[in-house]
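Participant: Compute the structure for the input listed below.
(one chain, ligands or ions: 1)
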Amino acid sequence: MHSGIVSPQGVWWKPAAKPERRWVLISLVWCLILFAMMPLWHWKGGQNPSGIRGRVDPAVFSERVERFNKQYQVGEDNGIPVVQPPPGSHAYLMGSQFQWSSVLKLEKGAKYILHLSSQDVNHGFSLYPVNLNFQVVPGYDYGLEIVPNQAGEYRIVCNEFCGIGHHTMIGKVIVVEPGQGHEPQPKGGAK
Ligand code: CUA
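Facilitator: Just a heads-up that it's a prediction; the model follows:
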């Protein structure tokens, strides 16, 4: 029996045995391999994009989003503006409890800088069904260079628990063929 007062019987103060040292070495090597995989995925696997990052005041980002929405709005979907920025432009998407600031309409094959941020708490940007995942953090502008490569409708599912309405926080991204859908649609009639 041992306790906090009576020290345990053992030989822990003696040098580690050979098998133990071997396992420590194997663990260390494996840690280094996994560590090296992170940059490797970035350069070789097209994952872990570095993006453009910076600090931003949530109020300032919110204003930017509003300006962006007003400038490029082409319709409305359940009270959410449908926004179609021109190819090559910066797009701003903000998460807040419990919605996304717009339905983005993007052109296939065009390049955009997508800026993600949050107005209140941490949210998660999870694009379905393609399984792209990014953090949406208040006070932090996460700019991603994106080129949509397939036309269709995508869902943005919030994958970070953000409060009581978390499960209802579902947004939409629409990717259209080049040159399509630029004509403004009547309010409430957008699909
Ligand atoms: Cu936003 Cu969960």
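Participant: For this protein, list the residues in contact with the ligand, please.
Facilitator: Residues of the chain that fall close to the ligand, judged by C-beta under 6 Å from any ligand atom: 95, 98, 123, 158, 160-162, 166, 169. The way it works is simple: take the backbone N, C-alpha and C, and place the C-beta from them, glycine included.
Participant: now this structure, which segments are flagged as low pLDDT?
Facilitator: Applying pLDDT under 70 to the chain picks out residues 1, 181-191.
Participant: Could you say which helix or strand holds the residue nearest the centre of it?
Facilitator: Compute the mean C-alpha point of the chain, and by C-alpha atoms, centre = their mean the closest residue is Phe134, 1.5 Å away. Phe134 is part of strand 132-136 when elements are defined by DSSP states H and E.
Participant: Give me the distance from that strand to the chain's centre.
Facilitator: Chain-centre distance of strand 132-136: 1 Å, with C-alpha atoms, centre = their mean, to the nearest Å.
Participant: elements contacting it?
Facilitator: Strand 132-136 makes packing contacts with strand 112-118, strand 123-128, strand 140-146 when contacts are defined by 3 or more C-beta pairs under 8 Å, 6 or more residues apart in numbering; DSSP states H and E.
Participant: and for the first one, what are the contacting residues?
Facilitator: In this case it means strand 112-118. Taking C-beta atoms under 8 Å, 6 or more residues apart in numbering as the criterion, the residues outside strand 112-118 that touch it are 52, 56, 58, 61, 64, 85, 87-96, 104, 106, 125, 134, 136-147.
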